[in-house]
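Engineer: Generate a structure from the sequence data that follows.
(one chain, ligands or ions: 1)
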Amino acid sequence: MKIYHFNQVSSTNDVAKEIALLRNLQSKFLIFQEKCPAFFHEMKGERDFVVVSDEQTKGKGRMSREWLSPIGGLYFSVVTKKNPLLPLISGVSVASSLKNFGLNPVLKWPNDVMIKNKKISGVLIECFKDYCVVGIGVNINVSPLKIATSIKQETGKNISKDEVLKNILKNFEECSEENVLDEYKKLSSTIGKKVKIKTVNKVIDGKAVDVDEHGRLVLESGEKIVSGDVIHLR
Ligand code: BTN
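Structural biologist: As a prediction, this is how the structure comes out:
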């Protein structure tokens, strides 16, 4: 995957979306094909690409929250074609990578990566016409919030952001669509718990019993939750 690296951006998700729009536009101009075949090739090339930045000034979290993004963290977005399994693939890819760096993470639905009840990584997926931007933030050597943790805090080691990025992208690309749901369920700390879920328009109490192939949380009542914030009750 091609990687565009920046020192500072507003949000890698926003920059990735702009690059995707530009690529799309440019590949439509026939003149490019004639006059600049090499450039056209590059533009038309592999659709999947990555935008990574050392810091973000307007990092975005789920449910319109802010994602604090100081230097020392890993902030990147993968542009890829639409796929209903993306929420599962991204959570599993990050959690598996953290295992490779000696940690023991679990996934709090939908895909908050947690270590001992503290968040170490989050995923924000935004989808457009035919592609999605998968934004991933990992606390590597800094943990901007008291309620969060970082790889450094957990292992006592300074880890290279590039190594973590490479490892997550490898998992992302190699993730088996057949096994990802099972992998996700094994990592889930939400399944089996009583939960309170805040969705955009209501609060639901129930027991989480499963996650389906679209990444929806299935409650004992049969209700399937598409998105929301979960509190584990026990
Ligand atoms: C969450 O709320 O848990 C999701 C956080 C996602 C943060 C990442 S950092 C890279 C990408 N760019 C953003 O603005 N957000 C995502």
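
Engineer: Please make it C-alpha for all contacts and neighbour counts, starting now.
Structural biologist: Will do.

Engineer: Just after the lowest-mean-pLDDT helix or strand in the chain, pick out the following helix or strand.
Structural biologist: Within the chain, no helix or strand scores below helix 37-44, which has a mean of 58 by mean pLDDT, DSSP states H and E. Counting by DSSP states H and E, the next helix or strand C-terminal to helix 37-44 is strand 49-56.

Engineer: Give the pairing partners of that following strand; include direction for each.
Structural biologist: strand 2-9 (parallel), strand 74-81 (antiparallel) (DSSP bridges).

Engineer: Identify the bridge partners of the residue most central in space within the chain.
Structural biologist: Nearest to the geometric centre of the chain sits V123, at 3.1 Å (Cα atoms, centre = their mean). Counting by DSSP bridges, V123 is bridged to I136.

Engineer: doesn't S90 make contact with it?
Structural biologist: Yes - if you go by Cα atoms under 8 Å, V123 and S90 touch, sitting 7.4 Å apart.

Engineer: Now do the shared contacts for those two.
Structural biologist: Between them, V123 and S90 share these contacting residues under Cα atoms under 8 Å, 6 or more residues apart in numbering: 111, 134.

Engineer: In JSON lines: the strands paired with strand 49-56, plus distance to the ligand.
Structural biologist: Output for these, formatted as JSON lines (distance: least, Cα to the nearest ligand atom, whole Å):
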{"stretch": "strand 2-9", "distance to the ligand": "9"}
{"stretch": "strand 74-81", "distance to the ligand": "4"}
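
Engineer: and among those, the most buried is which?
Structural biologist: Comparing the strands paired with strand 49-56 by mean neighbour count (mean count of other Cα atoms under 10 Å), strand 74-81 comes out on top with a mean of 24.

Engineer: from the chain's centre, how far out does that one sit?
Structural biologist: Taking Cα atoms, centre = their mean, to the nearest Å, one finds strand 74-81 lying 7 Å from the centre of the chain it belongs to.

Engineer: Mind listing residues that contact the very next helix or strand once past it?
Structural biologist: Sequence-wise, the next helix or strand downstream of strand 74-81 (DSSP H and E) is helix 86-100. Here helix 86-100 makes contact (Cα under 8 Å, 6+ apart) with 104-107, 110-113, 121, 123, 125, 134, 164, 167-169, 171-172, 175, 177, 180-181, 183-184, 187, 215.

Engineer: anything in the very next helix or strand once past helix 86-100 sitting right up against the ligand?
Structural biologist: Following helix 86-100 in sequence order, the next helix or strand is strand 106-108 (DSSP H and E). No - contact of strand 106-108 with the ligand (Cα under 6 Å from any ligand atom) is absent, the minimum separation being 10.2 Å.

Engineer: Who are the packing partners of strand 106-108?
Structural biologist: helix 86-100, strand 112-115, helix 180-187 (3 or more Cα pairs under 8 Å, 6 or more residues apart in numbering; DSSP states H and E).
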